[in-house]
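Novice: give the three-dimensional model of this entry:
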Amino acid sequence: MQKQFESLQSTMMWYTVHHPSLIDRVVIRFVKERWHFRNKPILVVLDPQGRVVSPNAIHMMWIWGSKAFPFTSLREEILWKEETWKLELLVNGIDQTVLNWIRDEKYIFVYGGDDIEWIRRFTATARSVAQSAHIPLEMVYVGKSSKKEQVRKIITTITNEKLSHTWQDLMIWFFWTRLESMLFSKIQLGRIDDQDPMMQEIKKLLSYDKSGGWAVLR
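Specialist: Model prediction:
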């Protein structure tokens, strides 16, 4: 564990405690009870006076990156007011190819699932309809948030059979992590009711990950 800690520590670009044993038990209890840290990473933001300005800004970081600075709840509110539900929000920072398709005003299918036979039928049907209607159509496979080995095999098949554009492991992980971050960000701001149209779309897309084959047309 010591070697694993030192290896991880050496890759970090920020300050770390020299050794976990140096952290006082009172501090550990405070972090768990007041900042609700359990198993997943959190990013608590303090101002220069040491006051908490965000109990967990990690979701903002995944969604907007440095644009979210200074990572306050007020900044989070402002950023959401500037957003609309669109594909750019989902893929920005993940895949420039898809952003180019959007710029070229192409129709785009974002699809996922873990059934290769369904994928073959779907992509073949979509391409056939697009050709008949003379529609510029592109498709991108975004996998699943789980079943990584199965998703890797599907990506290999899609690539070999030239069924559509695909994403690799890190891009797929980032897509689903970012989408989940949007949900937690909304919850943290108290936007948990179904009157928020964007919240409805986020929950709908996350629910697709639990089902079989699915596709969303842009």
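Novice: contacts and neighbour counts: CA atoms only from here.
Specialist: Noted.
Novice: helices of the protein, residue ranges please.
Specialist: Applying DSSP state H to the chain gives helices spanning 2-11, 25-34, 58-64, 73-82, 87-91, 96-103, 116-133, 148-160, 169-188, 197-208.
Novice: show me which residues of the first one are buried.
Specialist: For helix 2-11, burial by neighbour count (16 or more other Cα atoms under 10 Å) applies to Gln9.
Novice: same question for stretch 7-27.
Specialist: So stretch 7-27, judged by 16+ other Cα under 10 Å, has buried residues Gln9.
Novice: for that stretch, list the C-alpha coordinates in CSV.
Specialist: Extracted C-alpha coordinates of stretch 7-27, given in CSV (Å, rounded to 0.1, in the frame of the first residue of the first chain):
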residue,chain,number,x,y,z
SER,A,7,3.3,5.9,-7.0
LEU,A,8,-0.1,7.7,-7.1
GLN,A,9,1.3,10.7,-5.2
SER,A,10,4.1,11.1,-7.7
THR,A,11,1.6,11.7,-10.5
MET,A,12,-0.4,14.4,-8.7
MET,A,13,0.1,18.0,-9.8
TRP,A,14,-1.0,19.4,-6.4
TYR,A,15,0.1,19.3,-2.8
THR,A,16,-0.5,16.1,-0.8
VAL,A,17,-0.1,15.1,2.8
HIS,A,18,3.3,13.5,3.1
HIS,A,19,1.7,10.4,4.7
PRO,A,20,-2.0,9.6,5.5
SER,A,21,-1.0,8.7,9.1
LEU,A,22,-0.2,12.4,9.7
ILE,A,23,-3.9,13.4,9.4
ASP,A,24,-5.5,13.8,12.8
ARG,A,25,-8.5,11.6,13.6
VAL,A,26,-10.5,14.7,14.4
VAL,A,27,-9.9,16.0,10.8
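Novice: how distant is that stretch from the center of its chain?
Specialist: Taking Cα atoms, centre = their mean, to the nearest Å, one finds stretch 7-27 lying 27 Å from the centre of the chain it belongs to.
Novice: ok, Trp173 to Asn39 distance?
Specialist: 18 Å (Cα to Cα, to the nearest Å).
Novice: ok, those two, which is more surrounded?
Specialist: Trp173 (18 against 7; other Cα atoms under 10 Å).
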